[in-house]
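K.L.:
Requesting a structural model of the entry that follows:
(chains A, B, C and D)
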Number of protein chains: 2
Amino acid sequence: MARSSRLPARLLGTRAVAPLPGRPGSRSTRQKRAVAAVLDSAGGFLSAQELFTRLRSQGEDIGLTTVYNRLRSLAEAGEVDAVRSDDGEVRYRRCDSSGHHHHLVCRRCGRTVEVEEASVERWADQVAAAHHFVEVSHTLEIVGVCPSCAC
Amino acid sequence: MARSSRLPARLLGTRAVAPLPGRPGSRSTRQKRAVAAVLDSAGGFLSAQELFTRLRSQGEDIGLTTVYNRLRSLAEAGEVDAVRSDDGEVRYRRCDSSGHHHHLVCRRCGRTVEVEEASVERWADQVAAAHHFVEVSHTLEIVGVCPSCAC
DNA sequence: CTGCATGCAAAATGTTTGCACTCTA
DNA sequence: TAGAGTGCAAACATTTTGCATGCAG
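P.N.:
Modelled structure (predicted):
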């Protein structure tokens, strides 16, 4: 009962040590390419369901299972970050690995702005250290309504 | 599709303008008392399912629906905090500090430390303002391994 | 008595799994 | 042609909802 784990919790958290894409035995398919493309163009966070809808609405013939499969592989490979949102969906974003950053998200249109602020990182690390926590990571998201959606 | 909300997202996030317990028309029942008791004695985070199991195993005759009902009421009243864990369950804990705060969570044993830091709040609001976002809220959680679990 | 509270049963969601089929390499 | 990849259908776990019944005030 306590043991649920619909998603191997290990996939979550923002740390990523990524093996390069194109590993042995990996095959290139239309679906893989499509998922990657949408993920790239989106920039921000996307849930599996959203991703699936976008693909379908742009005429791509792909199954929901495949989207989940792909997303899991990408997450395991460290090519996307996965965080669970408040409403229970897991949301993925292309991990540009160039630096740790957070997002300012519009709750209406989904527009996202990347935000970097070292002080927050430092603060989080300090807090953790003060309580002697190790292997620390953190998640932070600011949500609101963007100017275009405001009125 | 973006609109899922198995749990009205408004319950999450730590904003709480709490009406005092025992509001008008509120009745005291065995079940309510039982939930409150377990929640109190637990101290830390508890999922609805865990709470339910504990109640049952200690002989309490209560339904799962009631547990969920109660938890929702308590969350709306600001008497418990609700955070979604990595594995998808919402976990509740008796909320003692009345203000807005975040959590430092042990990813092994679930132990949590409440953290308050005005500067983070201010920073989040500033970032949002800079991009002209309104109706802003934010979520922040720091996860790591606590000293006892680090060994 | 009144209507808040309870809880069974059933629906809804997001995600995972079993497995037969498809296509890339 | 072997096996990685795909995707339908069905299973799952958590949470919500409909509704008839119960009980505190």
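K.L.:
Looks like residue A:120 contacts residue A:140 (just checking).
P.N.:
Yes - Residue A:120 lies in contact with residue A:140 (Cβ atoms under 8 Å); the separation is 6.6 Å. C-betas here are computed from N, CA, C, even on glycine.
K.L.:
what touches both of those two?
P.N.:
Both residue A:120 and residue A:140 are contacted by residue A:102, under the criterion Cβ atoms under 8 Å, 6 or more residues apart in numbering or on different chains.
K.L.:
Does residue A:94 have any beta-bridge partners, and if so which?
P.N.:
Note on residue A:94: beta-bridge partners by DSSP bridges are residue A:80.
K.L.:
so how far is DNA strand D from residue A:78?
P.N.:
Relative to DNA strand D, residue A:78 is positioned 16 Å away (Cβ to the nearest atom of the strand, to the nearest Å).
K.L.:
Residue A:123 now?
P.N.:
Where DNA strand D is concerned, residue A:123 sits at a distance of 29 Å (Cβ to the nearest atom of the strand).
K.L.:
Likewise for residue A:69?
P.N.:
Noted for residue A:69: a distance of 5 Å to DNA strand D, by Cβ to the nearest atom of the strand.
K.L.:
Where do the helices of chain A begin and end?
P.N.:
A:30-42, A:48-57, A:64-76, A:118-130, A:147-150 (DSSP state H).
K.L.:
Just put those in a markdown table and tack on mean pLDDT and mean neighbour count.
P.N.:
As requested, the helices of chain A are exported to a markdown table (pLDDT from 0 to 100; neighbours: other Cβ atoms under 10 Å in any protein chain shown):
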| stretch | mean pLDDT | mean neighbour count |
| --- | --- | --- |
| helix A:30-42 | 92 | 16 |
| helix A:48-57 | 93 | 18 |
| helix A:64-76 | 93 | 18 |
| helix A:118-130 | 84 | 16 |
| helix A:147-150 | 74 | 13 |
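K.L.:
Residue B:90 is nearest to which of these?
P.N.:
Nearest of the helices of chain A to residue B:90, taken as Cβ to Cβ: helix A:48-57 at 19.0 Å.
K.L.:
can you state the direction angle for the closest one and helix A:30-42?
P.N.:
For helix A:48-57 against helix A:30-42, the angle by axes from the mean of the first three to the mean of the last three Cα atoms, to 10 degrees is 110 degrees.
K.L.:
Alpha carbons of helix A:48-57, as PDB, please.
P.N.:
The C-alpha trace of helix A:48-57 is given here as PDB (Å, rounded to 0.1, in the frame of the first residue of the first chain):
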ATOM      1  CA  ALA A  48       3.400  13.300 -21.400                       C
ATOM      2  CA  GLN A  49      -0.200  14.000 -22.100                       C
ATOM      3  CA  GLU A  50       0.500  17.500 -23.500                       C
ATOM      4  CA  LEU A  51       3.300  16.100 -25.600                       C
ATOM      5  CA  PHE A  52       1.100  13.400 -27.000                       C
ATOM      6  CA  THR A  53      -1.600  15.900 -27.800                       C
ATOM      7  CA  ARG A  54       0.800  18.200 -29.600                       C
ATOM      8  CA  LEU A  55       2.200  15.400 -31.700                       C
ATOM      9  CA  ARG A  56      -1.300  14.200 -32.600                       C
ATOM     10  CA  SER A  57      -2.600  17.700 -33.400                       C
END
